[in-house]
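# my questions concern the predicted model and sequence given below.
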Amino acid sequence: MIENLWDEQSLKDMVATRPGLIAVATARNMSVPVTIEIEEDETIKIETSEWDHIVERTIEISSGRIVVLGTTDFYPSATRIEVKPNIYRVTIYYSGLKTLSEDGLDGNDSYRLVFEPSSQ
């Protein structure tokens, strides 16, 4: 399912998708702060000037469950978030991308994913 997930464009966008899957690249290969928000409608407005990078994708969540895990997490014990089965627009916000140390291990990067029902 995730073979060949990352191509040149997805690396540039820092996000890759497949049916039922959104993979978010982070600037560091470490534990990083991630906030996930589930909105009831499409009315959310976020100030974009405070973010270094913003991308949007669409995902169909037919199971009613979002599974959140990093590359080293164990799937059976991963965090699960219950949502209404629907098609969602996911806006991914990246900040602090330019704060990484020279070795790439330290930084103040953070990530925010906002799930909104899509009118698509």
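Yes, it's here.
# can you map out the strands along this protein?
Counting by DSSP state E, the chain has strands at residues 15-18, 21-24, 34-38, 53-61, 65-68, 79-82, 86-95, 110-117.
# now do the second one: distance to the chain's middle.
On the basis of CA atoms, centre = their mean, to the nearest Å, strand 21-24 is displaced by 6 Å from the centre of the chain it belongs to.
# which of the residues in it are buried?
Within strand 21-24, the residues that count as buried by 16 or more other CB atoms under 10 Å are I22, V24. Just so you know, the C-beta spots here come from the backbone N, C-alpha and C atoms, and that holds for glycine as well.
# cool, the first one as well?
For strand 15-18, the neighbour count (16+ other CB under 10 Å) marks V15, A16 as buried.
# name every strand pairing with that strand and say which way it goes.
Here strand 15-18 has these sheet partners by DSSP bridges: strand 21-24 (antiparallel).
# pull the residues that contact the partner strand.
When contacts are defined by CB atoms under 8 Å, 6 or more residues apart in numbering, strand 21-24 is touched by residues 1-2, 5-6, 10, 14-17, 34, 57, 59, 90, 92, 111, 113.
# among these, which pair sits farthest apart?
Using CB to CB, the two most remote members of the contacts of strand 21-24 are M1 and Y111, lying 22.5 Å apart.
# okay, now the unreliable bits of this protein?
1-3, 42-44, 120 (pLDDT under 70).
# measure the residue of it most remote from its centre to R57 for me?
In the chain, the residue that sits farthest from the middle, by CA atoms, centre = their mean, is E102; the gap is 24.5 Å. Distance, E102 to R57, by CB to CB, to the nearest Å: 31 Å.
# and which of the contacts of strand 21-24 is nearest D41?
Relative to D41, the closest of these is V90; by CB to CB it sits at 14.7 Å.
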